[in-house]
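Visitor: Need coordinates for the following:
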Amino acid sequence: MGAGTGRSVPRCQIAIFPIEKQDKKKEIRWFALTVFKSLPELVDTFSQKGWETFRAYTVEEKYEGLRVIRKEVPLVKSLLFVKCPMEELVDFKYKNNEWFMYYKAPESKDPGPVKDNEMKAFMLVTSIRDGNLRVLGEDRPEYHQGDRVRVINGPYKGAEGYIKRIRRSRELIVCVEGVAVVAVSKVPPEYLEKI
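Guide: I've put the predicted structure just below:
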């Protein structure tokens with residue numbers, strides 16, 4: 001009965017269902033691979049599985065006499081990114097061990113997923129093939145010095161990284177942690193904002 005009303009108050013029943021935790025191994029994420037076998041064959045195989053791949057390219061200039069010949073070449077010859085569930089990548093690796101090696105998560109046997117914001121910035125800066133891109137090598141702590149910035153204008157708009165002076169030039173450093181670091185030159189300071 002309701003307090004002083006003489007009417008009965010309906011009771012409410014609450015059902016509690018356990019919330020399933022999403023299995024991290026089934027999440028679709030980006031992973032970095034070092035490829036040993038035929039890269040085009042591996043990309044085709046991944047495409048047939050419905051997995052997205054990404055390979056960074058740059059433009060290489062060669063001089064032949066007075067002519068400049070531009071050729072598109074891989075930024076890092078054996079580097080390939082694949083977007084797929086970790087569980088399926090590990091299974092594929094188990095069955096095709098000689099094809100590639102994946103970058104591992106620290107202190108783990110599992111592939112280390114690439115952070116979405118790092119992959120987005122890496123794809124952005126490497127998709128612009130204007131000759132202003134250099135590979136500095138694998139990610140190393142010395143490239144994390146300085147202020148973290150975001151490019152707010154120009155062709156690299158949206159990229160996030162660090163500013164560092166390299167060879168007397170101010171360059172935007174974009175890294176995929178534990179995988180690769182690239183430097184973009186000629187980003188005007190007015191195109192940058194501190195994060």
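Visitor: Can you pull the domain assignment for the protein?
Guide: 23-114, 115-195 (automatic domain parsing).
Visitor: Of those, which shows the lowest average pLDDT?
Guide: Mean pLDDT per stretch puts domain 115-195 lowest among the domains of the chain, at a mean of 76.
Visitor: ok so, going back, deepest of the domains of the chain, which one?
Guide: Comparing the domains of the chain by mean neighbour count (mean count of other Cβ atoms under 10 Å), domain 115-195 ranks first with a mean of 16. C-beta coordinates here come from the backbone N, C-alpha and C atoms, glycine included.
Visitor: Please, which helix or strand holds the residue most central in space within the chain?
Guide: For the chain, the residue nearest the mean C-alpha position is Met119 (2.0 Å; Cα atoms, centre = their mean). Here Met119, judged by DSSP states H and E, is contained in helix 116-127.
Visitor: what's the answer for Phe46, then?
Guide: Following DSSP H and E, the helix or strand that holds Phe46 is helix 39-48.
Visitor: From the contact counts, what lies against that helix?
Guide: strand 52-54, strand 79-85 (3 or more Cβ pairs under 8 Å, 6 or more residues apart in numbering; DSSP states H and E).
Visitor: returning to that earlier point: gap between the residue nearest to the centre of the chain and Pro113?
Guide: Met119 sits 9 Å away from Pro113, taking Cβ to Cβ, to the nearest Å as the criterion.
Visitor: which neighbours do these two share?
Guide: Both Met119 and Pro113 are in contact with Trp30, where contact means Cβ atoms under 8 Å, 6 or more residues apart in numbering.
Visitor: which residues touch the closest residue to Ala105 other than its chain neighbours?
Guide: Closest residue in space to Ala105, ignoring its immediate chain neighbours: Gly112 at 3.6 Å, by Cβ to Cβ, 6 or more residues apart in numbering. Residues near Gly112 by Cβ under 8 Å, 6+ apart: Phe31, Ala32, Tyr102, Tyr103, Lys104, Ala105, Pro106, Gly178.
Visitor: my guess is the second one meets Tyr102, correct?
Guide: Yes - taking contact to mean Cβ atoms under 8 Å, the distance of 6.9 Å between Ala32 and Tyr102 places them in contact.
Visitor: which SS class is the nearest residue to Ile128 once chain neighbours are set aside?
Guide: In space, not counting the residues next to it along the chain, Ile128 is nearest to Pro155; the distance is 5.0 Å by Cβ to Cβ, 6+ apart. Put simply, Pro155 is coil when judged by DSSP: H, G, I helix; E, B strand; the rest coil.
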